[in-house]
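Novice: coordinates for the following, if possible.
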Amino acid sequence: MKKRNIPFGYQYQNGTIITHPQEVTVLNRIFSEYQKGMSLLEIASCLNDENIEYQPGVTGWNKSRIMRLIEDERYTGKDGFPAIIDERTHQATVEMKAQKNTQHSTDRSAEVFHIEVPVICPACGSEMNRRHDSRFKKCQQRWICSNADCRTVIHKADSHLLDDITVLLNRLIVNPELVQIPVESAHEPSAPIHKAENEIARILDTLDYDKNTLRKKMLECVSLKYADIGSAPYTAHRLKAALADAEPLSAFSLPLFKRTVQAIHLGKDGTVSIKLMNGQTVGKDDENAAGNGNAQESGAEDTRQNQHR
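Specialist: Modelled structure (predicted):
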């Protein structure tokens, strides 16, 4: 294959390097799709399937070629080339690729990969993503805010995260009375329930009603009433019962965690709070099980992803 004499995304015009509009569109797409989670191979396959040319008359996209484009700093305006990708986007993409390269030895069967609840950023409230980097000696796991305008980073070893959650669950197991039960007011059936009941009444008022139609409508009404049970008091009572039935934990219990916790909140210093199924948040310093709302944050400084480590 004939080699390009100028990087993808550029062309010569009267001896001057300028951007190539069609190739710039492809380049922006590559960066965007990689940041959204597509692999290098998936991006290359899509470009080949769509017959998008790497150079005139040639597709030939592959994993290595996509990787070289992502790593090329000339796209940020260096070495006299017009800028196509802003430096922040380029740096974030390169860091993402480096993080992926350090996760090959990660045990994907570990319990931390199955907690399946959001881990919340203490700075902006967005969801955080776990990253593993074997280059760090002290703590190889870290949580990075998904908000591009935040990017807070918190180093927290998987074992410490699970241990901290276990401590909080044990506090509730020993004293399930800490679970807050909201005062139950008189329950007003929902509009769909009222509608179903009225339709049943109209059917019964008919002298020659169809039994199958009546049976179907009654089953629909029962189903609506059953779904309506999912009230806050019911959720809190069910949560309390699950904790009361549990034995004190000697290690993290994934089944109990899934029955009782809907979110994890990380403090800026790595402290852990859990948001229970009833909306109640319990943290390290909440001896009486704090009420609704996020866990208190410490005064530790933010750690940003783009800081030098």
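
Novice: for the stretch 151-300 of the chain, give me the ranges with low pLDDT.
Specialist: Counting by pLDDT under 70, the low-confidence segments of the stretch 151-300 of the chain come to 183-188, 227-231, 286-300.

Novice: where do the helices sit along it?
Specialist: Under the criterion DSSP state H, counting those that start in this stretch, helices of the stretch 151-300 of the chain are mapped to 158-174, 191-205, 211-227, 232-245, 254-260.

Novice: for the stretch 1-150 of the chain, same thing?
Specialist: 21-35, 40-49, 63-71, 87-101.

Novice: re the thing from before, so which of the helices of the stretch 151-300 of the chain comes closest to Asp285?
Specialist: helix 158-174 (11.0 Å; CB to CB). To be clear about C-beta, it is placed using only N, CA and C from the backbone, and glycine gets the same treatment.

Novice: and that closest one, what does it pack onto?
Specialist: Judged by 3 or more CB pairs under 8 Å, 6 or more residues apart in numbering; DSSP states H and E, the packing partners of helix 158-174 are helix 232-245, helix 254-260, strand 261-266, strand 272-276, strand 281-283.

Novice: buried set for it?
Specialist: Neighbour-count burial for helix 158-174 flags Asp158, Leu161, Leu162, Asp164, Ile165, Thr166, Leu168, Leu169, Asn170, Arg171, Leu172, Ile173 (criterion: 16 or more other CB atoms under 10 Å).

Novice: out of those residues, who's nearest Val24?
Specialist: Asp158 (41.0 Å).

Novice: for the closest residue to the closest one other than its chain neighbours, grab the count of nearby residues.
Specialist: Leaving aside its chain neighbours, Asp158 sits nearest to Val112 (4.4 Å; criterion: CB to CB, 6 or more residues apart in numbering). Using other CB atoms under 10 Å, Val112 has 19 neighbouring residues.

Novice: now swap in Leu204 and tell me
Specialist: Neighbours of Leu204 (other CB under 10 Å): 10.

Novice: begin at 898 from now on, thanks
Specialist: Fine by me, first position is 898 from now on; the one you just mentioned is Leu1101.

Novice: surely it and Leu1111 touch.
Specialist: Yes - at 7.3 Å, Leu1101 counts as touching Leu1111 under the criterion of CB atoms under 8 Å.

Novice: hang on, the earlier thing: distance to Val1016 added to the buried residues of helix 1055-1071, as JSON lines?
Specialist: Output for these, formatted as JSON lines (distance: CB to CB, whole Å):
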{"residue": "Asp1055", "distance to Val1016": "12"}
{"residue": "Leu1058", "distance to Val1016": "9"}
{"residue": "Leu1059", "distance to Val1016": "12"}
{"residue": "Asp1061", "distance to Val1016": "12"}
{"residue": "Ile1062", "distance to Val1016": "11"}
{"residue": "Thr1063", "distance to Val1016": "16"}
{"residue": "Leu1065", "distance to Val1016": "14"}
{"residue": "Leu1066", "distance to Val1016": "16"}
{"residue": "Asn1067", "distance to Val1016": "20"}
{"residue": "Arg1068", "distance to Val1016": "20"}
{"residue": "Leu1069", "distance to Val1016": "20"}
{"residue": "Ile1070", "distance to Val1016": "22"}
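
Novice: need the phi and psi values for the closest residue to Val923 other than its chain neighbours.
Specialist: Closest residue to Val923 apart from its sequence neighbours, by CB to CB, 6+ apart: Ile949 at 5.9 Å. Ile949 adopts backbone torsions of phi -80, psi 130, taken as degrees, to the nearest 10.

Novice: any idea how far Ser942 is from Ile949?
Specialist: 11 Å (CB to CB, to the nearest Å).
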